[in-house]
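Visitor: one predicted model, sequence on top.
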Amino acid sequence: MNTRQLAKIAKRIGFWALIVLIMVYAVFPFYYAVITSLKPSSDLFRVELWPSNWNFDNYISIFSQTSFLRAIFNSIVVAFSVVFIALLLGITASYALGRVRFRGRSTVLLVILGVSMFPQVAVLSGLFEVIRALNLYNNPAGLILSYTIFTLPFTVWVLTTFMKQLPMELEEAAIMDGATPWITITKVFLPLMWPAMATTGLLAFIAAWNEFLFALTFTLTDAQRTVPVAIALLSGGSAYELPWGPIMAASVVVTVPLVVLVIIFQRRIVSGLTAGAVKG
Amino acid sequence: MSTSIKHDDAPAGARSFTTKPRRGTKVRRQRVKAAWLFLAPMLIALTLVAGWPLVRTFFLSFTDASLSDLGAANLIGFENYLVYDDGRWYGVLADSVWWQSVWNTVYFSVVSVSLEVVFGVIVALILNAEFKGRVIVRAAVLIPWAIPTIVSAQMWAWMLNDQFGIINHLLMNVGIIDAPIAWTANAAYSMWAVIMVDVWKTIPFVALLVLAALQMLPKDCYEAAEVDGIHPLRVFFKVTLPLITPALMVAVIFRLLDALRVFDVIYVLTSNSTSTMSMSVYARQQLVEFQDVGYGSAASTLLFLIIALATVAYLYLGRKQIQLGGD
């Protein structure tokens, strides 16, 4: 009897220890970046779990660089435009794929799935050519265009899954009232699709905000870069002494909005991720 | 024409028996036309950013195009891939660095995806249990997934810093190592550093997919197993694992495709070092830094073919697995 109770307590302790371990593992690198970013540069190389002195010098230093401010501005413009385009093209395409039965529908779906599995490098030289031909090299607009390669297939896929689940009667009623397909989408489906659009929009936003390879390759000057590239290329006076304080401050600045989004919308993000992966 | 107008003008009640648009009715034809119209913008966009560039990449891989002057390219056949000239082999396929990067990529993919699956399932099982504060733990677990890869690579680079990094500090304090390890610079450890960062970042993805599958499992067979006093580990391997295999297969293919094209982590953590160079890093280096678009496109094309082959093979093998899991 006593041993059984002990075993039960031991099990509970083990379970909670595991939870604490997972929490620490998941959060510690971010926490460590935050405390590093708050340290004065003289303390930077003292390893400690709680900063003994702290100030905002690193933040002042990165926010006084115009190139970093430009990068944040570019990232915001690019990410919002990408979300807008992906949702606009995604909602119309998903209506066609989710609500109408027509020849070639499964082929289109297969092509979309195929594109979402593309390695980005495989289109790098061809896309470079397209972007140069459109005169969009070293221009955030070129990034907006190129990001549709990974945001659009995903958006269409998830929105189609949601679109399929809406009741048939709604659309029948709309057709009866003589609504055109465009009216049906904007007046009947759009109000119902907001949750799904919020989910896919969030995921597209995060993907665009985080993208690195295209941003690194298709931009050249500081003024046109996005934040990930700016952070990767932050360097100090010499190659051997990286400015860790400012790097961590910049990292925290670009991550905080994402962490806030995740905490607020975790349920949506989870449902979007699983809907995208588990075929509908 | 006139009949269809008549049909449209008919009172709603008269056609209530045809609510489901059938093949050939005007409504249906209109809908199909609208469907293609609505698909057009997306198809045009995907052709512009995916289809056409892919075709051009294939084409450029057979030319001697250079980045500074893409227009002035001559067809040179398979020379970028493999050519025998003056007693030596040249081309991507004869480059030992390419083969090193293929090996690195495969090694990285297999090891990191395996670790992610194991830890992802463990995390999912814990999140599936009911306890106070589950929502908070789930949010915390999602954080690594949301952090940009570049940022997570920088955060870990700082923690793994050879002189001032907290990881060396902790390991030395505990006594596991006597001297600091140059995690990212030393070829013996750098791949493990890369894997460590990738695993940290992508466990949440696997865990969430598995968690979604776990939450759909029937509760009654677990209750039955508990009544019969069957060991939880046995229940896991005999009941849970077979039931979540389809979800695991999906998670694995998504992760595998991601891992095979890995670029960001490696580029930031170890730059162009050959001991960790992946196929994507190799192709981009040729393409952008060495300005050799023809050669770089050949490497990109090979990367594309390898990933396509891996996908087909996986789906083929996976189909059997999923059927077995369902039996």
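Guide: Great, that's in hand. Numbering: from 1, shown residues only, chains lettered A, B, ... in the order given.

Visitor: run through the helices of the stretch 201-327 of chain B in chain order.
Guide: Secondary structure of the stretch 201-327 of chain B (DSSP state H, counting those that start in this stretch): helices located at B:220-227, B:232-235, B:241-260, B:264-270, B:279-284, B:293-326.

Visitor: for the third one, packing partners?
Guide: Secondary-structure packing of helix B:241-260 (3 or more C-beta pairs under 8 Å, 6 or more residues apart in numbering or on different chains; DSSP states H and E): helix A:244-277, helix B:96-128, helix B:187-214, helix B:293-326. Where C-beta positions appear, they are placed from N, C-alpha and C, glycine not excepted.

Visitor: now the last one: buried residues?
Guide: Spelled out, that is helix B:293-326. By 16 or more other C-beta atoms under 10 Å in any protein chain shown, the buried positions in helix B:293-326 come out as B:293-304, B:306-307, B:310-311, B:314, B:318, B:325.

Visitor: thinking again about what came up before, need the helices and strands packed on helix B:241-260 in CSV (columns: distance to A:L44 and mean pLDDT).
Guide: Listed next are those as CSV, based on distance: least, C-beta to C-beta, whole Å; pLDDT from 0 to 100:
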stretch, distance to A:L44, mean pLDDT
helix A:244-277, 6, 83
helix B:96-128, 30, 93
helix B:187-214, 21, 91
helix B:293-326, 39, 79
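
Visitor: what's the most buried one of the ones you listed?
Guide: helix B:187-214 (a mean of 22; mean count of other C-beta atoms under 10 Å in any protein chain shown).

Visitor: list the contacts of the closest residue to B:V97 other than its chain neighbours.
Guide: Nearest residue to B:V97 in three dimensions, chain neighbours excluded: B:T274, at 5.7 Å (C-beta to C-beta, 6 or more residues apart in numbering or on different chains). Applying C-beta atoms under 8 Å, 6 or more residues apart in numbering or on different chains, we find B:T274 in contact with B:V97, B:Q100, B:S101.

Visitor: let me know the closest of these to chain A.
Guide: Among the contacts of B:T274, B:S101 lies closest to chain A (C-beta to the nearest C-beta), at 11.5 Å.

Visitor: does the closest one touch B:Y282 like I think?
Guide: Yes - the pair B:S101 / B:Y282 is scored as a contact, 4.2 Å apart, by C-beta atoms under 8 Å.

Visitor: related to what we said a few turns ago, how far away is the residue nearest to B:V97 from B:I167?
Guide: 24 Å (C-beta to C-beta, to the nearest Å).

Visitor: what's the first-to-last distance across stretch B:215-235?
Guide: Terminal residues of stretch B:215-235 lie 16 Å apart, using C-alpha to C-alpha, to the nearest Å.

Visitor: mean confidence for it?
Guide: Across stretch B:215-235, pLDDT averages out at 83.

Visitor: near chain A, anything from that stretch?
Guide: No - on the criterion C-beta under 8 Å from any C-beta of the partner chain, stretch B:215-235 is out of touch with chain A, staying 9.7 Å away.

Visitor: please state the offset of that stretch from the chain centre?
Guide: Relative to its chain's centre, stretch B:215-235 lies at 33 Å (C-alpha atoms, centre = their mean, to the nearest Å).

Visitor: could you do stretch B:155-163 as well?
Guide: 26 Å.

Visitor: cool, and stretch A:46-64?
Guide: The answer for stretch A:46-64 is 27 Å, by C-alpha atoms, centre = their mean.

Visitor: so that stretch, near chain B or not?
Guide: Yes - using C-beta under 8 Å from any C-beta, stretch A:46-64 reaches chain B at A:V47.

Visitor: quick check: phi and psi at the single nearest residue of chain A relative to chain B.
Guide: The nearest approach of chain A to chain B comes at A:G126, 2.9 Å away (C-beta to the nearest C-beta). Main-chain dihedrals, A:G126, degrees, to the nearest 10: phi -60, psi -40.

Visitor: surely it is in contact with B:A50?
Guide: No - the pair A:G126 / B:A50 is not scored as a contact, 9.1 Å apart, by C-beta under 8 Å.

Visitor: where in chain A is pLDDT low?
Guide: Along chain A, segments meeting pLDDT under 70 span A:1, A:235-241, A:275-280.

Visitor: could you point out which element follows the lengthiest helix in it?
Guide: Ordering each helix of chain A by length in residues (DSSP state H) puts helix A:2-37 first. Downstream of helix A:2-37, the first helix or strand assigned by DSSP states H and E is helix A:57-63.

Visitor: need the contact list for the residue of chain A closest to chain B.
Guide: B:W52, B:P53, B:L54, B:V55, B:R56, B:T57, B:L60, B:S297.

Visitor: among these, which ones are buried?
Guide: Buried members of these, scored by 16+ other C-beta under 10 Å, are B:W52, B:P53, B:L54, B:R56, B:T57, B:L60, B:S297.

Visitor: just to revisit the earlier point, just the contacts of A:G126: which are in helices?
Guide: Under the assignment DSSP H, these contribute B:W52, B:P53, B:L54, B:V55, B:R56, B:T57, B:L60, B:S297 to helices.

Visitor: B:L315 and chain A, how far apart?
Guide: 11 Å (C-beta to the nearest C-beta, to the nearest Å).

Visitor: so how far is A:F56 from that residue?
Guide: 52 Å.

Visitor: next one: B:S68
Guide: Taking C-beta to C-beta as the measure, B:S68 and A:F56 are separated by 44 Å.

Visitor: and what of B:W158?
Guide: Taking C-beta to C-beta, one finds B:W158 at 19 Å from A:F56.

Visitor: higher neighbour count, these two?
Guide: B:W158 (23 against 12; other C-beta atoms under 10 Å in any protein chain shown).

Visitor: tell me the pLDDT of the residue nearest to B:N168 when sequence neighbours are not counted.
Guide: Once flanking residues are discounted, B:N168 sits nearest to B:P180: 4.3 Å by C-beta to C-beta, 6+ apart. Looking at B:P180, its pLDDT is 86.

Visitor: so B:P180, which of the three states?
Guide: coil (DSSP: H, G, I helix; E, B strand; the rest coil).

Visitor: residues near it, how many?
Guide: By other C-beta under 10 Å, the residues close to B:P180 number 16.

Visitor: contacting residues around it?
Guide: Taking C-beta under 8 Å, 6+ apart as the test, what B:P180 contacts is B:D162, B:Q163, B:G165, B:N168, B:M172.

Visitor: same check on A:F212?
Guide: Contacts of A:F212 (C-beta under 8 Å, 6+ apart): A:P228, A:V229, A:A232, B:P148, B:T149, B:I150, B:F263, B:D264, B:Y267.

Visitor: of those residues, which is the nearest to B:G229?
Guide: Set against B:G229, the nearest of the contacts of A:F212 by C-beta to C-beta is B:T149 (46.2 Å).

Visitor: picking that back up, among the buried ones among the contacts of A:G126, which are in reach of chain A?
Guide: Counting by C-beta under 8 Å from any C-beta, the members of the buried ones among the contacts of A:G126 near chain A are B:W52, B:P53, B:L54, B:R56, B:T57, B:L60, B:S297.

Visitor: which two in those residues are spaced the farthest apart?
Guide: B:W52 and B:S297 (14.0 Å).

Visitor: ok, now how distant is the residue of chain A closest to chain B from B:E79?
Guide: From A:G126 to B:E79 the distance is 19 Å (C-beta to C-beta).

Visitor: B:W36 too?
Guide: For B:W36, the distance to B:E79 - C-beta to C-beta - is 43 Å.

Visitor: quick one: which of the two has more around it?
Guide: Each of B:W36 and B:E79 has its neighbours counted (other C-beta under 10 Å); B:E79 has more, 17 against 14.

Visitor: that one and B:G91 touch, don't they?
Guide: Yes - at 6.4 Å, B:E79 counts as touching B:G91 under the criterion of C-beta under 8 Å.

Visitor: residues contacting B:V262?
Guide: B:V262 neighbours (C-beta under 8 Å, 6+ apart): B:T105, B:F108, B:S109, B:D198, B:S278, B:S280.

Visitor: could you measure from it over to A:L213?
Guide: Separation of B:V262 from A:L213 (C-beta to C-beta) stands at 10 Å.
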